[in-house]
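Q: Give me a 3D structure for the following:
(one chain, ligands or ions: 1)
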Amino acid sequence: MDLSLLGKNALVCGASRGIGKGAAIELASLGANITLVSRSADKMSDVIKEMDMDIDKGQDHDFLVADFSDPKDLRKKVKGLILRRPYHILINNTGGPAAGPILDAHTESFEAAFQQHLICNHTLVQLLKKGMIDAGYGRIVNVISTSVKAPLDNLGVSNTIRGAVASWSKTMANELGQFGITVNNVLPGFTDTERLRELFGNQAQKEGITYEEMAERLSASIPVKRLAHAKEIGSAIAFLASPAASYINGINMPVDGGRTRSL
Ligand SMILES: NC(=O)c1ccc[n+]([C@@H]2O[C@H](COP(=O)([O-])OP(=O)(O)OC[C@H]3O[C@@H](n4cnc5c(N)ncnc54)[C@H](OP(=O)(O)O)[C@@H]3O)[C@@H](O)[C@H]2O)c1
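A: Reported below is the predicted structural model:
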C-alpha cells in the first residue's frame, strides 16, 4: 500500500494543538513537508521542533500566522505562501464555535462561524487548487464533526455550520474529482483536546463533578469505552491524504470509536 508523502507539501490549519497538530505529525511521519497555520507562532515553532526531533526525513516544515476570523487577510497571506511552493494537501481545520442551545444563538455567531469555517475553507481551496491540478495530485480533508450525521446537544451554531461545510465539501468533490483531487471529511468523536476540556469542563462544573468524572461518563457511552487521542484522528486524515486513498472521494468518515449510532 502506497502511503508515502515524500515530496508532497501539506497546508495544515489549526495545527498549533489538538487534532490539527495530530494531523501535522502523522502527515510528517509519512514524509510530507508541512506548513502549519494558526494564530500562535510560539506553539507552531514547538510543533515543528517536535516533528524535526521525532520524524526527520529531511523535510522542510514552516508555519503561517493567520486568523480565520479574517478571510481577506488569510487570502493575502496564503497568496504569498503559494509563491514559495505549491500544495498537494490541504487540511481545513479551525476552532469550533462556542457551545449553547440554538434558540439562544445570536445571528452574529452564525455569521462568524460561516466566515471562520466555510469561507476560509473555500478561500483556501480556490487558492490551492491550481497547484493541485498542475501536480495531478490533490487531497483536501475537512475536519468537521459527527454532528453532520446526528446533531449534538448544546452545539446549535456548530451543528448548523458543520452541515453547511459537509454540503460545500460534497459539491467540491463532484467538481474536483476529474483533476485527481479528492475532497473528504473526517468526523472526530470525543477527542481529548483543549476544545473537549473546555466544552465538558464547563458542563462538569455546572453538574458539580470533575472533568475526569465527566470524561468517564462520556467514555461509557462509546463502544470502545474511551476518548480518542488527537493522533488517532490525525492518522485517519493522513490516510485520506495518501496515494492509497485515491478512490475515496466525497465521504464523511466518522473516527469516533463507534459512538455515532447511524449507519
Ligand atoms: N475535540 C473533539 O472532541 C472534537 C470533536 C468533533 C469535532 N471537533 C472539531 O474539530 C476541530 C478541531 O478540534 P480540536 O479539539 O483540535 O480544537 P482545539 O484544541 O481548540 O484546537 C483548535 C485549533 O484551531 C486553531 N484556531 C482556533 N481559532 C482560530 C482562528 N480564529 N484562526 C486560526 N486558527 C484558529 C487553534 O490555534 P490557535 O488558538 O493557536 O490559533 C488550534 O490550533 C474543531 O472545529 C472542533 O470543533 C472536535
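Q: Could you name the helices and strands sitting against the helix or strand hosting Glu175?
A: For Glu175, the enclosing helix or strand under DSSP states H and E is helix 156-176. Where contact means 3 or more CB pairs under 8 Å, 6 or more residues apart in numbering; DSSP states H and E, helix 156-176 is packed against helix 107-113, helix 120-135, strand 138-143, strand 181-188. C-beta: built from backbone N, CA, C; applies to glycine.
Q: cutoff 6 Å now
A: Secondary-structure packing of helix 156-176 (3 or more CB pairs under 6 Å, 6 or more residues apart in numbering; DSSP states H and E): helix 107-113, strand 181-188.
Q: Those: which one's closest to Ala15?
A: Proximity to Ala15 (CB to CB) singles out strand 181-188 among those, at 14.3 Å.
Q: Can you name the element that comes right after the closest one?
A: helix 194-207.
Q: Let's have the helices and strands packed on helix 156-176 in TSV, adding distance to Gly18 and mean pLDDT.
A: TSV is the format used below for the helices and strands packed on helix 156-176 (distance: least, CB to CB, whole Å; pLDDT from 0 to 100):
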stretch	distance to Gly18	mean pLDDT
helix 107-113	18	98
strand 181-188	9	98
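Q: mind checking which of those is nearest the ligand?
A: For those, the distance to the ligand is smallest for strand 181-188, at 4.0 Å, taking CB to the nearest ligand atom.
Q: so the closest one versus helix 194-207, what angle?
A: Using axes from the mean of the first three to the mean of the last three CA atoms, to 10 degrees, the inter-axis angle of strand 181-188 relative to helix 194-207 is 30 degrees.
Q: could we number from 38 for the rest of this?
A: Noted, 38 is the first residue going forward, which turns the last one into strand 218-225.
Q: what packs against strand 218-225?
A: Looks like strand 218-225 contacts strand 175-180, helix 193-213, helix 267-278, strand 289-292 (3+ CB pairs under 6 Å, 6+ apart).
Q: Pick the most deeply packed of the ones you listed.
A: Among the helices and strands packed on strand 218-225, strand 175-180 has the highest mean neighbour count (mean count of other CB atoms under 10 Å), at a mean of 27.
Q: hey, which helix or strand in this protein has the poorest pLDDT?
A: helix 231-244 (a mean of 91; mean pLDDT, DSSP states H and E).
Q: that older thread, how far does the helix holding Glu212 sit from its chain's centre?
A: In terms of CA atoms, centre = their mean, to the nearest Å, the centre of helix 193-213 is set 13 Å apart from its chain centre.
Q: how many degrees apart are that helix and strand 175-180 in direction?
A: 170 degrees.
Q: Next, the angle helix 157-172 makes with helix 193-213.
A: Using the same axes, to 10 degrees: helix 193-213 against helix 157-172 is 20 degrees.
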